[in-house]
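Trainee: One predicted model, sequence on top.
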Amino acid sequence: MQGTIQFIQSSPEELENRIYNRFKNEIDNLKSDFQPKQPTEYLTRNQVKEMLGVDLSTIHNWTKRGKLKAYGLGNRVYYKRNEIEQAIVPLNQ
């Protein structure tokens with residue numbers, strides 16, 4: 001059995017300190033492993049065009065074919081940066 005605590009000859013304060021220290025260590029370990037989520041970065045069609053070095057018509061064609069996924073807000077068209085980067089695949093040589 002792991003981490004056995006005996007209550008004999010222990011004051012309530014000692015027990016409280018032991019529990020506190022155990023939880024503090026666990027929380028510190030969790031904090032060191034925690035990675036905050038990065039906010040989603042949205043790019044306009046022109047930003048994608050500049051990023052990939054292609055024409056707007058190419059961006060339009062890739063979107064129509066399903067190679068890129070477009071998102072909209074009103075009349076504006078956006079693309080997620082991480083999805084653009086995932087769409088780029090290695091070529092078989």
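Mentor: Nice, thanks for sending it over.
Trainee: those strands in the chain, which residues are they?
Mentor: Using DSSP state E, the strands of the chain run over 42-44, 71-73, 76-80.
Trainee: Give me the most central residue, this structure.
Mentor: Lys37 (4.1 Å; C-alpha atoms, centre = their mean).
Trainee: Which of the strands of the chain has the highest mean neighbour count?
Mentor: Mean neighbour count (mean count of other C-beta atoms under 10 Å) peaks for strand 76-80 among the strands of the chain, with a mean of 17. All C-beta spots, glycine's among them, are computed from the backbone N, C-alpha and C.
Trainee: That one - which strands sit beside it in the sheet, and in what orientation?
Mentor: strand 42-44 (antiparallel), strand 71-73 (antiparallel) (DSSP bridges).
Trainee: any weak-confidence spans in this structure?
Mentor: 1-2, 4-7, 93 (pLDDT under 70).
Trainee: ok, now with 50
Mentor: Within the chain, no range satisfies pLDDT under 50.
Trainee: Longest helix in it, please.
Mentor: helix 12-33 (DSSP state H).
Trainee: and stretch 75-84, how far apart are its ends?
Mentor: Taking C-alpha to C-alpha, to the nearest Å, stretch 75-84 runs 21 Å from one end to the other.
Trainee: What lies in contact with that stretch?
Mentor: Applying C-beta atoms under 8 Å, 6 or more residues apart in numbering, the external contacts of stretch 75-84 come out as 40-45, 48, 51-52, 68-72.
Trainee: quick revisit: let's have the strands of the chain in a markdown table, adding distance to Asn92.
Mentor: As requested, these are exported to a markdown table (distance: least, C-beta to C-beta, whole Å):
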| stretch | distance to Asn92 |
| --- | --- |
| strand 42-44 | 28 |
| strand 71-73 | 30 |
| strand 76-80 | 26 |
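Trainee: Of all these, which one is nearest Glu26?
Mentor: strand 76-80 (35.1 Å; C-beta to C-beta).
Trainee: any idea how far the closest one is from the chain center?
Mentor: 19 Å (C-alpha atoms, centre = their mean, to the nearest Å).
Trainee: before we move on, back to that, tell me which of the strands of the chain approaches Asn25 most closely.
Mentor: strand 76-80 (38.3 Å).
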